[in-house]
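*Asks:* Sequence first, then the predicted structure, then my questions.
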Protein chains: 2
Amino acid sequence: MSKRVQISEVGPRDGLQSVDRIMPLEAKKAWIRAEAEAGVTEIEVGSFVPPGLLPQMADTAELVEFAKALPGLRVVALVPNFKGAERALAAGVDAMSMPFSMSETHSIKNVRKDHPAVLAEIRNVVAMLADIPFETRPVFEIGLATAFGCTIEGPVSENVVVRSAVACMEAGVDAVGLSDTTGYANPAQVRRLVRKVKAAVGEDTLDTLHLHNTRGLGLANVVAGLEEGIGTFDASLGGLGGCPFAPGASGNIVTEDLVFMLEAMGIDTGIDLAKLLLVRDNIAQALPGEPLYGFTPDAGLPLGFQRAAA
Amino acid sequence: MSKRVQISEVGPRDGLQSVDRIMPLEAKKAWIRAEAEAGVTEIEVGSFVPPGLLPQMADTAELVEFAKALPGLRVVALVPNFKGAERALAAGVDAMSMPFSMSETHSIKNVRKDHPAVLAEIRNVVAMLADIPFETRPVFEIGLATAFGCTIEGPVSENVVVRSAVACMEAGVDAVGLSDTTGYANPAQVRRLVRKVKAAVGEDTLDTLHLHNTRGLGLANVVAGLEEGIGTFDASLGGLGGCPFAPGASGNIVTEDLVFMLEAMGIDTGIDLAKLLLVRDNIAQALPGEPLYGFTPDAGLPLGFQRAAA
């Protein structure tokens, strides 16, 4: 188990994309700056979807530019397709993440592409990036979505996930991650699937898990991931956005609770939890009444709590 | 890791003791019966505290008598002291559980006894039980409370926990459990402390964890316990009672979420989750407006979900 784990804050993208009210650009900047100052080293600042489709994400290029100026921050954006990847490249992201839904039914319904069509899109992005000098080329990662189950298909074949991960690497992407888009994962499944995919693509090629807390198992699944050597976990501050599949239920795992767990376990996240706990005020002020989640923010830190690095 | 795990439902005791409104005896019976019918095989039905001190628990003897008539149910009650143990014995419990706070400050504040005084009380109970024929003698278990930290003392010495566990066994109790009374535990600590205590008292003597979800780590801590061979986990239906240390925060881990996690992992609990999810209606009707917790009850079961035993 690693003694150092990276948190990738996805709230400005995955959290906000489920929120109808547009958060003003300045509020998003203040949120990103506050998290970076608390020690968060990777933030997914937005998504290069067509602005008409998701107005909340229309300012992603400006956020990339802003976030790139913050010291020590890896700036990530989601790209749904080749067009989005072009825009992410032009904006100057450090990394772009493209979702690839392991449930082919979900993929067709969501982005109107079957698996071969998604792989063709991925190869086009790789070809575009190949022309860029290595030093300035952004990292291209694939998030294998619905990897633990799908609300339309139900169980998803682990062989499909493994084969797709291999196909992505053969297409020339830099890394793959596994996403529990639907909150279906359990710790035994996380261990099994991480192990299978790592065995197929290499230990370091799968380093990221994107877990949801829809059924309360988010942090339990993190423990399973840690034990399989995962080094990066996505999380959303205050669990912003909730779960689109279950109104009132939590979606992304909550950054505050995840950082508390890791630091309490003696795993260094580089994050100052006391500072991080203040950041949700930024969201509460910009989006009054928006439900926020998390246990540690309510309960506070244990008496005598010490950071892992202390 | 065990393929079969026992859930011990503690809601009627640990949940209700934090609820001011008295739940009518008939409603408690209906709840206990409904859980037993869903497949729960152990229920802590109440506490033999002085009725004047905690009127909610005044009907514990009647609940024991009722629950003993349900087929296949292990009926447990909490006993705070010798007097309570006498009443539990008279009521005919299958097992009595006495808390022993590892934080001596907490013990003195809570039951006005330092550690030697608690051990003396434990020895008195053992002596009383020694006169009873083995076949009818209830099991006597000690719950090592605040084992993972204390809201007054802060961190609790692991050596104190190990020494106390050994002292309990030397005093003649049947088993010890570890309780995260304050919701301070993290998975690394659970693994370490379970391993240390098992090494000191024997693999099978420590088989129960009582975990709270105050900071959202409850199920993550269960995973750690599972990996150390723990076979019984306490939980409370709907997380009833919340956390007395953090108003609005969850206390006990939620039975529904725990059963979902275990069954999804392929670990048989013997519980029919679909039936269990209906039981919270009993509580909601008897205690309208009482906050209930849990993710799985909101989100529902995943499409295609199958029981471990299926």
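*Replies:* Yep, it's here. A quick note: this is a predicted structure, and the numbers were derived from the prediction, not measured.
*Asks:* Which residues are in contact with the closest residue to chain B within the stretch 151-300 of chain A?
*Replies:* In the stretch 151-300 of chain A, no residue comes nearer to chain B than residue A:154, which is 3.0 Å away by C-beta to the nearest C-beta. C-betas here are computed from N, CA, C, even on glycine. By C-beta atoms under 8 Å, 6 or more residues apart in numbering or on different chains, residue A:154 lies in contact with B:302, B:303, B:304.
*Asks:* switch to 10 Å and redo it
*Replies:* A:103, A:105, A:182, A:184, B:302, B:303, B:304, B:305, B:306 (C-beta atoms under 10 Å, 6 or more residues apart in numbering or on different chains).
*Asks:* Please report phi then psi for it.
*Replies:* Main-chain dihedrals, residue A:154, degrees, to the nearest 10: phi 80, psi -140.
*Asks:* Now the contacts of residue A:154 in CSV, please, with extra columns for pLDDT and neighbour count.
*Replies:* Output for these, formatted as CSV (pLDDT from 0 to 100; neighbours: other C-beta atoms under 10 Å in any protein chain shown):
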residue, pLDDT, neighbour count
A:103, 96, 25
A:105, 95, 16
A:182, 92, 28
A:184, 96, 27
B:302, 94, 23
B:303, 94, 14
B:304, 95, 12
B:305, 95, 17
B:306, 92, 13
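*Asks:* out of those residues, who's nearest residue B:273?
*Replies:* Each of the contacts of residue A:154 was checked against residue B:273 using C-beta to C-beta; the closest is residue B:305, at 8.0 Å.
*Asks:* Checking the closest one next. Helix, strand or coil?
*Replies:* Residue B:305 falls in the coil class when you classify it by DSSP: H, G, I helix; E, B strand; the rest coil.
*Asks:* thinking it is in contact with residue A:184, fair?
*Replies:* Yes: using C-beta atoms under 10 Å, residue B:305 and residue A:184 qualify as a contacting pair, with a distance of 8.5 Å.
*Asks:* Common neighbours of these two, please.
*Replies:* Going by C-beta under 10 Å, 6+ apart, residues that sit against residue B:305 and also against residue A:184 are A:149, A:154, A:155, B:264.
*Asks:* In helices only, show me these.
*Replies:* Using DSSP state H, the members of the shared contacts of residue B:305 and residue A:184 that fall in helices are residue B:264.
*Asks:* circling back: out of the contacts of residue A:154, who's nearest residue A:278?
*Replies:* residue A:182 (31.7 Å).
*Asks:* show me what contacts the most centrally placed residue in chain A?
*Replies:* Ranked by distance to the mean C-alpha position of chain A (C-alpha atoms, centre = their mean), the top residue is residue A:234 at 4.1 Å. Counting by C-beta under 10 Å, 6+ apart, residue A:234 touches A:6-11, A:13-14, A:42, A:44, A:76, A:97, A:143, A:177, A:179-180, A:208-212, A:252-253, A:255, A:258.
*Asks:* If we use 8 Å, what do you get?
*Replies:* Residues near residue A:234 by C-beta under 8 Å, 6+ apart: A:8, A:9, A:10, A:14, A:44, A:177, A:208, A:209, A:210, A:211, A:252, A:253.
*Asks:* What parts of the stretch 51-200 of chain A come near chain B?
*Replies:* Residues of the stretch 51-200 of chain A found near chain B (C-beta under 8 Å from any C-beta of the partner chain) are A:149-155, A:182-184, A:186-189.
*Asks:* For PyMOL, what selects the buried ones among these?
*Replies:* Selecting only the buried entries of these in PyMOL, with 16 or more other C-beta atoms under 10 Å in any protein chain shown as the criterion:
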select buried, chain A and resi 149+150+151+153+154+155+182+183+184+186+187+188+189
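*Asks:* Quick one: the strands in the stretch 1-150 of chain A, in order.
*Replies:* In the stretch 1-150 of chain A, the segments counted as strands under DSSP state E, counting those that start in this stretch are A:6-9, A:42-47, A:74-78, A:95-101, A:139-145.
*Asks:* Could you tell me the angle between the third one and strand A:95-101?
*Replies:* Between strand A:74-78 and strand A:95-101, the angle comes out at 30 degrees (axes from the mean of the first three to the mean of the last three C-alpha atoms, to 10 degrees).
*Asks:* contacting residues around strand A:74-78?
*Replies:* So strand A:74-78 is contacted by A:8, A:13, A:41-49, A:60, A:64, A:67-68, A:84, A:88, A:91-99 (C-beta under 8 Å, 6+ apart).
*Asks:* let's go with 7 Å and repeat that
*Replies:* A:8, A:13, A:41-48, A:60, A:64, A:67-68, A:88, A:93-97 (C-beta atoms under 7 Å, 6 or more residues apart in numbering or on different chains).
*Asks:* Quick check: residue A:208 vs residue A:143, distance?
*Replies:* Here the distance between residue A:208 and residue A:143 works out to 8 Å (C-beta to C-beta, to the nearest Å).
*Asks:* Overlap of the contact sets of those two?
*Replies:* With contacts defined as C-beta under 7 Å, 6+ apart, the residues shared by residue A:208 and residue A:143 are residue A:177.
*Asks:* mind checking pLDDT for the nearest residue to residue A:13 once chain neighbours are set aside?
*Replies:* In space, and not counting its chain neighbours, residue A:13 is closest to residue A:44: 4.3 Å by C-beta to C-beta, 6 or more residues apart in numbering or on different chains. On pLDDT, residue A:44 comes in at 98.
*Asks:* wait, residue A:44 sits on residue A:10?
*Replies:* Yes: at 4.4 Å, residue A:44 counts as touching residue A:10 under the criterion of C-beta atoms under 7 Å.
*Asks:* Pretty sure residue A:261 sits against residue B:217.
*Replies:* Yes: Residue A:261 lies in contact with residue B:217 (C-beta under 7 Å); the separation is 5.3 Å.
*Asks:* any shared contact partners between these two?
*Replies:* Counting by C-beta under 7 Å, 6+ apart, the residues touching both residue A:261 and residue B:217 are A:219, B:186.
*Asks:* Between those two, which is the more surrounded one?
*Replies:* residue B:217 (33 against 25; other C-beta atoms under 10 Å in any protein chain shown).
*Asks:* so what's the more buried one up against?
*Replies:* Contacts of residue B:217 (C-beta under 7 Å, 6+ apart): A:219, A:261, B:185, B:186.
*Asks:* how near is the last one to chain A?
*Replies:* Pointing back at residue B:186 there. 4 Å (C-beta to the nearest C-beta, to the nearest Å).
*Asks:* doesn't residue A:261 make contact with that residue?
*Replies:* Yes: the pair residue B:186 / residue A:261 is scored as a contact, 5.9 Å apart, by C-beta under 7 Å.
*Asks:* Closest one of the contacts of residue A:154 to residue B:34?
*Replies:* Closest to residue B:34, out of all of those and judged by C-beta to C-beta, is residue B:305, at 20.9 Å.
*Asks:* In what element of secondary structure is residue A:283 found?
*Replies:* helix A:273-286 (DSSP states H and E).
*Asks:* can you tell me if that helix touches chain B.
*Replies:* No: figure legend: helix A:273-286 not in contact with chain B (C-beta under 7 Å from any C-beta of the partner chain); closest approach 11.1 Å.
*Asks:* just checking, what packs against that helix?
*Replies:* Applying 3 or more C-beta pairs under 7 Å, 6 or more residues apart in numbering or on different chains; DSSP states H and E, we find helix A:273-286 packed against helix A:25-38, helix A:255-264.
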